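*Asks:* this is a predicted model, with the sequence first.
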Amino acid sequence: MAVAQHPWLDKTEYPFTPRKFQINEHHMNYIDEGEGEVMLFVHGTPSWSFDFRKVIKELQRDARCIAIDHIGFGLSDKPKDYDYSTQNHALTLEQFIVEKDLQNITLVLHDFGGPIGIAVALKYPERVKGIIILNSWLWSSKGDPEYEKFVKILRSPLLPFLYRKLNFSPRYILPKSFGPNNKPEKRILKHYSKPFSKSSERNGTLAFAMSLLNDQDWFETLWEQKEKLLDKPMLFIWGLADPIITPKNLEKFKLGFPKANVYQLEGSGHFPQEERPEDVVAAIRRFKCN
């Protein structure tokens with residue numbers, strides 16, 4: 001999918017060359033910038049490689065920065081009939097890594113990119129050098145009072161309507177997920193909603209919402225295997241003002257990975273890479289130099 005097909009895309013903000021990876025008869029967009037050790041960026045919902053752009057612009061001086069757009073997101077194809085499950089996104093990432101023969105990878109994972117990337121790391125630990133996680137999770141939330149309240153919304157028959165007809169996730173949820181003083185300008189927020197301009201292009205975001213309802217047991221299986229990754233250098237970068245994935249999730253990560261480095265950002269919300277890119281870059285560079 002060429003950039004010319006996306007007149008809304010600001011090439012100054014996102015000055016990268018889109019590339020295509022064929023998967024399941026569809027094209028997955030990715031970017032591959034810089035040289036050196038591989039840093040592989042895996043986004044969540046309702047975002048795409050665009051939310052890592054500021055970080056990649058800097059880190060491409062030091063490393064080979066690869067960032068994918070999950071099928072159904074960003075500049076990737078958005079087929080109407082497709083397996084948009086979180087598990088299938090993990091299989092797609094696995095196939096991408098294997099076919100590109102990526103080795104010595106530092107994974108940079110955000111939101112749903114956390115369980116997706118960790119699922120692959122657990123299967124191919126020999127390919128992974130280190131793991132950086134930003135505002136994510138890796139376990140079942142069953143029994144958590146906040147989650148149990150949220151389940152009622154996920155089970156609402158109105159949810160598919162809100163996601164498909166109103167583009168609810170990028171237009172309403174995402175803008176409220178930033179820190180109180182960090183909401184991006186409208187021209188930037190447009191880059192999160194425009195990839196889902198048609199209702200037929202919004203099945204990916206709806207599927208991630210449904211994953212929160214249906215995949216809690218799968219998330220827990222990943223957490224139960226965390227010992228396989230305890231020897232990997234790990235860094236948690238966390239926006240403490242995140243209203244979605246709150247700091248108590250960071251505390252659980254710290255208990256599970258007690259040797260991990262931790263960098264906390266006061267005032268940053270769910271998207272540290274968008275809100276505080278200079279701090280994120282500095283933290284990653286320190287981590288890489290250790």
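*Replies:* Structure's in. What do you need?

*Asks:* quick check: buried residues in stretch 274-290?
*Replies:* 274-277, 279-281, 283-284, 287-288 (16 or more other Cβ atoms under 10 Å). Heads up, the C-betas are built off the backbone N, CA and C, glycines and all.

*Asks:* same check, this time on stretch 150-169
*Replies:* Within stretch 150-169, the residues that qualify as buried are 150, 159, 162-164, 167-169, counting by 16+ other Cβ under 10 Å.

*Asks:* so which of these sit within helices?
*Replies:* Applying DSSP state H to those, the entries found in helices are 150, 159, 162-164, 168.

*Asks:* and the two most separated of these?
*Replies:* Farthest pair in these (Cβ to Cβ) is Phe150 and Arg164. Separation: 19.5 Å.

*Asks:* export stretch 14-23 as PDB, just CAs?
*Replies:* Provided in PDB are the C-alpha atoms of stretch 14-23 (Å, rounded to 0.1, in the frame of the first residue of the first chain):
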ATOM      1  CA  TYR A  14       6.100   9.900   9.300                       C
ATOM      2  CA  PRO A  15       9.000  10.200   6.800                       C
ATOM      3  CA  PHE A  16       9.600   6.500   6.400                       C
ATOM      4  CA  THR A  17       9.400   4.200   3.400                       C
ATOM      5  CA  PRO A  18       6.400   1.900   3.700                       C
ATOM      6  CA  ARG A  19       7.200  -1.800   2.900                       C
ATOM      7  CA  LYS A  20       4.900  -4.800   2.300                       C
ATOM      8  CA  PHE A  21       5.000  -8.200   3.900                       C
ATOM      9  CA  GLN A  22       2.700 -10.800   2.300                       C
ATOM     10  CA  ILE A  23       0.700 -12.700   4.900                       C
END
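
*Asks:* hmm, who's touching it?
*Replies:* Stretch 14-23 has contacts (Cβ atoms under 8 Å, 6 or more residues apart in numbering) with 1-3, 27-33, 49-50, 53, 56-57, 68, 71, 75, 92, 95-96, 99-100, 191.

*Asks:* which of the ones in helices among the buried residues of stretch 150-169 lies closest to Ser200?
*Replies:* Arg164 (8.1 Å).

*Asks:* pretty sure the closest one sits against Ser199.
*Replies:* Yes: using Cβ atoms under 8 Å, Arg164 is in contact with Ser199, at 4.7 Å.

*Asks:* ranges for the strands of the stretch 151-290 of the chain?
*Replies:* Along the stretch 151-290 of the chain, counting by DSSP state E, counting those that start in this stretch, strands occupy 234-239, 261-265.

*Asks:* Pro79 is nearest to which of these?
*Replies:* Closest to Pro79 of the strands of the stretch 151-290 of the chain is strand 234-239 (Cβ to Cβ; 32.6 Å).

*Asks:* please save the CA atoms from the helix or strand where Ile118 lies in CSV.
*Replies:* Using DSSP states H and E, Ile118 falls within helix 113-123. The C-alpha trace of helix 113-123 is given here as CSV (Å, rounded to 0.1, in the frame of the first residue of the first chain):
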residue,chain,number,x,y,z
GLY,A,113,1.9,-5.4,21.6
GLY,A,114,3.0,-6.7,25.0
PRO,A,115,1.2,-10.1,24.9
ILE,A,116,1.7,-10.4,21.2
GLY,A,117,5.4,-9.8,21.3
ILE,A,118,5.9,-11.9,24.5
ALA,A,119,4.1,-14.8,22.9
VAL,A,120,6.7,-14.8,20.1
ALA,A,121,9.6,-14.3,22.6
LEU,A,122,8.5,-17.3,24.6
LYS,A,123,8.5,-19.4,21.4
